[in-house]
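[1] sequence first, then the predicted structure, then my questions.
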Amino acid sequence: MSCPLPEAAVALLLNHHQRDFPLVPRPFATLGESLGGSEDEVLKALAQLREQGVVSRVGPVFAPGRAGASTLAALVVPPADLSRVAALVSAFPEVNHNYAREHRYNLWFVVTASAPERLREVLQDIRVQTCLPMLDLPLLEAFHIDLGFDLADPPTYRQVQSDGVPGAPDLLEESQRVLLGALQAGLPLVSRPYAVIARAAGWRETEVLAQIEGWLMDGLIKRFGVIVRHHELGFAANAMVVWDIADDDVAEAGRALAALPWVTLCYRRPRRLPDWPYNLFCMIHGRDRATVLGQVEDAAARCGLRATERAVLFSTQRFKQRGARYQAAAADHE
């Protein structure tokens with residue numbers, strides 16, 4: 001089935017509207033005007049892209065640690081048991097990303113919960129159910145966490161998003177928590193999506209629009225727009241590059257890596273000696289393994305890290321990828 005929008009319009013939709021999504025009652029009509037199409041054509045195109053897996057959702061990306069508690073964790077899983085353990089881990093609704101990677105610690109997943117207490121409960125449940133060695137690597141400092149992908153060649157934009165050292169989760173009112181829960185799965189693909197969210201949360205449409213704008217201004221929402229899946233867009237080589245940096249130098253190295261155009265994420269996490277000596281992480285998403293390895297070497301040269309111990313953990317299998325869930329009960333439009 002052909003896409004309702006021309007190819008050039010779809011490219012603009014996917015690339016330029018990963019952020020700054022219209023906060024108006026009929027956002028898809030506004031997008032249609034800017035793309036040279038109709039509201040119905042934009043809605044049909046997004047529905048088709050979502051069905052194909054290219055688009056995950058249209059909605060918010062919340063700042064790590066602001067809307068709830070989260071961590072990156074890893075397990076040492078016997079290869080023959082990887083699928084079973086991955087399914088067990090993915091079954092937790094608090095797990096939003098779950099990947100196999102090339103390392104002794106071969107199953108890596110992100111856990112996000114409404115509160116630190118629930119986060120600890122989930123990690124403990126996984127430990128008990130798997131009886132496997134686990135790394136718990138909470139975010140210590142963010143140098144670049146944007147989660148957008150510039151699909152243009154050459155790139156047309158880059159915004160380095162540095163959040164610094166995370167604090168405690170925001171103290172939200174119960175009504176705000178309800179709205180967050182209604183938003184976290186994304187907007188429904190209908191003419192007036194904010195009105196649907198408003199009804200689900202017990203708010204008025206104008207109040208929803210004002211709250212989203214407020215959350216964007218204060219950084220609770222990092223960006224609001226089309227959320228794409230990198231693998232379906234051809235970025236098949238997903239590498240987590242970890243570095244063992246002297247503690248006094250990690251901030252400088254992190255800022256240098258974050259400035260590189262091919263680094264999609266960069267942050268500091270704790271060492272877990274003796275098993276895990278690395279304290280600086282960056283993500284590189286490329287179209288092939290050789291390109292990513294070349295970018296790793298280029299990064300090491302540019303940032304003065306050639307002699308630094310590092311490891312490159314390519315993903316080998318994706319078990320789960322979706323937006324974080326900060327509320328257990330939420331409207332789900334994915």
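    Nice, I can see it.
[2] distance of Leu119 from Val110?
    11 Å (Cβ to Cβ, to the nearest Å). C-betas here are computed from N, CA, C, even on glycine.
[3] intersection of neighbour lists for these two?
    Residues within reach of Leu119 and of Val110 at once, by Cβ atoms under 8 Å, 6 or more residues apart in numbering, are Ser70, Thr71.
[4] what segments of the stretch 151-300 of the chain are strands?
    Using DSSP state E, counting those that start in this stretch, the strands found in the stretch 151-300 of the chain span residues 221-228, 237-243, 263-268, 280-286.
[5] packing partners for the helix or strand bottoming out on mean pLDDT in the chain?
    Lowest by mean pLDDT, DSSP states H and E among the helices and strands of the chain is helix 7-16, with a mean of 85. Applying 3 or more Cβ pairs under 8 Å, 6 or more residues apart in numbering; DSSP states H and E, one finds that helix 7-16 contacts helix 27-35, helix 39-51, strand 221-228.
[6] could you redo the last one with a cut-off of 6 Å?
    Here helix 7-16 touches no other helix or strand, going by 3 or more Cβ pairs under 6 Å, 6 or more residues apart in numbering; DSSP states H and E.
[7] and that helix, what's buried?
    Residues Ala9, Val10, Leu12, Leu13, Leu14, Asn15, His16 are the ones in helix 7-16 that count as buried (16 or more other Cβ atoms under 10 Å).
[8] neighbours of the residue lying closest to the third one once chain neighbours are set aside, how many?
    Nearest residue to Leu12 in three dimensions, chain neighbours excluded: Leu35, at 5.9 Å (Cβ to Cβ, 6 or more residues apart in numbering). Taking other Cβ atoms under 10 Å as the neighbour definition, Leu35 ends up with a count of 21.
[9] in this structure Leu35 contacts Ala9, no?
    Yes. Contact between Leu35 and Ala9 holds when scored by Cβ atoms under 6 Å: they sit 4.3 Å apart.
[10] roughly how far does Glu121 sit from Val77?
    21 Å.
[11] neighbour-wise, which of these two wins?
    Using other Cβ under 10 Å as the criterion, Glu121 and Val77 rank with Val77 on top: 21 against 13.
[12] so that one sits in a helix?
    No. Under DSSP: H, G, I helix; E, B strand; the rest coil, Val77 sits outside any helix and is assigned coil.
[13] ok, it - contacts?
    Val85, Asn106, Leu107 (Cβ atoms under 6 Å, 6 or more residues apart in numbering).
[14] take the residues you listed and keep only those in helices.
    Val85 (DSSP state H).
[15] which of the contacts of Val77 ranks first by neighbour count?
    Leu107 leads the contacts of Val77 on contacts (other Cβ under 10 Å) with 24 neighbours.
[16] list the contacts of that one.
    Leu75, Val77, Ala86, Ala100.
[17] sorry, back to before: which among the buried residues of helix 7-16 gets closest to Ala195?
    Within the buried residues of helix 7-16, the smallest distance to Ala195 is 22.0 Å, found for Leu13 (Cβ to Cβ).
[18] give me the nearest residue to that closest one, chain neighbours excluded.
    With Cβ to Cβ, 6+ apart, the residue lying closest to Leu13 is Leu35, at 6.1 Å.
[19] possible to save the buried residues of helix 7-16 as TSV with distance to Arg26?
    Shown next, in TSV, are the buried residues of helix 7-16 (distance: Cβ to Cβ, whole Å):
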residue	distance to Arg26
Ala9	18
Val10	20
Leu12	19
Leu13	16
Leu14	20
Asn15	22
His16	19
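[20] nearest residue to Arg204 other than its sequence neighbours?
    Ala198 (5.8 Å).
[21] shouldn't that neighbour be in contact with Leu209?
    No. Taking contacts as Cβ under 6 Å, Ala198 lies outside contact range of Leu209: 8.8 Å.
[22] any low-confidence regions in the stretch 101-250 of the chain?
    Residues of the stretch 101-250 of the chain meeting the criterion pLDDT under 70: 146-168.
[23] still on that earlier bit, redo the strands of the stretch 151-300 of the chain as a markdown table? Include mean neighbour count.
    Converted to a markdown table, the strands of the stretch 151-300 of the chain look like this (neighbours: other Cβ atoms under 10 Å):
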| stretch | mean neighbour count |
| --- | --- |
| strand 221-228 | 22 |
| strand 237-243 | 22 |
| strand 263-268 | 23 |
| strand 280-286 | 22 |
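[24] tell me how far Glu309 lies from Asp288.
    Computed as Cβ to Cβ, the Glu309 to Asp288 distance reads 25 Å.
[25] returning to what we had before: more crowded one of Leu119 and Val110?
    Higher neighbour count among Leu119 and Val110: Leu119, with 21 against 18, using other Cβ under 10 Å.
[26] count the residues that sit near the closest residue to Gln295 other than its chain neighbours.
    Nearest non-adjacent residue to Gln295, counting by Cβ to Cβ, 6+ apart: Trp262, 4.8 Å away. Applying other Cβ under 10 Å, we find 19 residues neighbouring Trp262.
[27] thanks a lot, see you next time.
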